[in-house]
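1. turn this into a model:
(one chain, ligands or ions: 1)
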Amino acid sequence: MIFDPLYWIVIGAGIALSLWASAVTKSRFAKYSQIGTRSHMTGAQVARAILDDNGIRDVRIEPVRGSLTDHYDPRTRTLRLSEPVYAGSSLAAFGVAAHEVGHAIQHARGYAMLKFRSAWVPVANLGSGLSMFVILAAFFMGGAATAMGETLAWAGIALFATTTVFTLVTLPVEFDASARALACLRGRYVTDTEYDGAKKVLSAAAMTYVAAFATSLLTLLYWAMRLGLLGGRSRD
Ligand SMILES: [Zn+2]
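-> Now for the predicted structure:
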């Protein structure tokens with residue numbers, strides 16, 4: 001596998017896609033960090049205001065170190081905003097703060113995809129931990145060329161697929177959080193021009209999740225093919 005050029009093409013494509021998405025996110029964030037908003041509110045203030053608008057009063061907002069480290073923690077109902085977002089009043093800060101509030105709203109409203117994603121975390125962790133061992137064992141057994149190898153190959157692919165499913169359900173969760181964020185911002189906290197900027201920041205961030213899903217799916221297909229489950233190399 002190590003010397004298989006196809007492996008490096010697949011992995012290389014995934015890495016290139018992820019690097020590109022993260023570079024676009026960083027450059028859009030940097031660009032819109034320079035553009036102030038007319039309201040002069042900080043990310044933390046706009047987050048609090050949107051939470052209030054939605055009747056959510058049990059979510060804390062606190063600053064967290066780093067850049068683009070923003071997240072909502074459903075266990076403690078805490079919205080953690082990176083320092084430039086927490087204290088910043090740029091369009092980028094507004095977009096990111098509102099996106100994280102979008103997750104808090106999903107949690108408060110019991111959004112099904114978020115529930116499923118949270119419940120799936122331990123499954124995906126277990127799957128990713130075991131999949132490589134089982135896939136390697138399947139290779140040693142000759143992959144789909146032997147009965148035992150074929151069983152192990154399917155088991156390894158099923159285990160790996162738990163992580164692909166995780167990256168897939170992340171997509172609606174992330175797109176929905178951004179859609180909620182933009183709807184909350186529109187007309188109330190941003191002008192029409194500012195709205196377009198916030199949208200650009202969030203659509204770039206969404207690409208990183210699309211890249212993660214594409215990479216996981218490509219890797220899954222690669223293993224399935226190499227193990228002889230795809231591409232007609234099966235046992236007869
Ligand atoms: Zn998110």
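
2. what's the closest non-adjacent residue to the residue positioned nearest the centre of the chain?
-> Note on the chain: the residue nearest the mean C-alpha position is Tyr209, at 4.0 Å, using Cα atoms, centre = their mean. Leaving aside its chain neighbours, Tyr209 sits nearest to Glu174 (4.9 Å; criterion: Cβ to Cβ, 6 or more residues apart in numbering). C-betas here are computed from N, CA, C, even on glycine.

3. list the contacts for the residue nearest to the centre of the chain?
-> Residues in contact with Tyr209 (Cβ atoms under 8 Å, 6 or more residues apart in numbering) are Thr167, Thr170, Leu171, Glu174.

4. make JSON lines out of these and add distance to Arg80.
-> JSON lines is the format used below for those (distance: Cβ to Cβ, whole Å):
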{"residue": "Thr167", "distance to Arg80": "22"}
{"residue": "Thr170", "distance to Arg80": "18"}
{"residue": "Leu171", "distance to Arg80": "22"}
{"residue": "Glu174", "distance to Arg80": "17"}
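
5. by neighbour count, which of those residues wins?
-> Within the contacts of Tyr209, neighbour counts (other Cβ atoms under 10 Å) peak at Glu174, which reaches 21 neighbours.

6. mind listing what's buried along the strand or helix carrying it?
-> Using DSSP states H and E, Glu174 sits in helix 147-185. Counting neighbours by 16 or more other Cβ atoms under 10 Å, one finds that the buried residues in helix 147-185 are 149-150, 152-157, 159-178, 180-182, 184-185.

7. the ion next: which of those residues are close?
-> The residues of these that also fall near the ion, by Cβ under 5 Å from the ion, are Glu174, Ala177.

8. surely Leu202 touches Ser178?
-> Yes. Counting by Cβ atoms under 8 Å, Ser178 is a contact partner of Leu202 at 4.2 Å.

9. what sits in contact with each of those two?
-> When Cβ under 8 Å, 6+ apart defines a contact, the residues bordering Leu202 and Ser178 alike are His99.

10. which non-adjacent residue is nearest His71?
-> Of all residues not flanking His71 in the chain, Arg80 sits nearest, at 5.6 Å (Cβ to Cβ, 6+ apart).

11. how far away is the one you found from the ion?
-> For Arg80, the distance to the ion equals 12 Å [Cβ to the ion, to the nearest Å].

12. ok, how many other residues are close to that residue?
-> The burial count for Arg80: 20, using other Cβ under 10 Å.

13. is it true that it touches Pro74?
-> No. Using Cβ under 8 Å, Arg80 is not in contact with Pro74, being 11.9 Å away.

14. who in this protein is up against the ion?
-> Glu174, Ala177.

15. would you indicate which residues of the helix or strand bottoming out on mean pLDDT in the chain are buried?
-> Every helix and strand of the chain was ranked by mean pLDDT, DSSP states H and E. The lowest is helix 5-33, at a mean of 89. For helix 5-33, the neighbour count (16+ other Cβ under 10 Å) marks 10, 14, 17-18, 21-22, 24-25, 28-29, 31-33 as buried.

16. just how off-centre is it within its chain?
-> 13 Å (Cα atoms, centre = their mean, to the nearest Å).

17. can you list the low-confidence ranges for the chain?
-> Scanning the chain for pLDDT under 70 picks out the ranges 1-2, 231-236.

18. so which strand or helix has Met225?
-> Assigned by DSSP H and E, Met225 belongs to helix 192-226.

19. so how far is that helix from its chain's centroid?
-> For helix 192-226, the distance to the chain centre is 8 Å (Cα atoms, centre = their mean).
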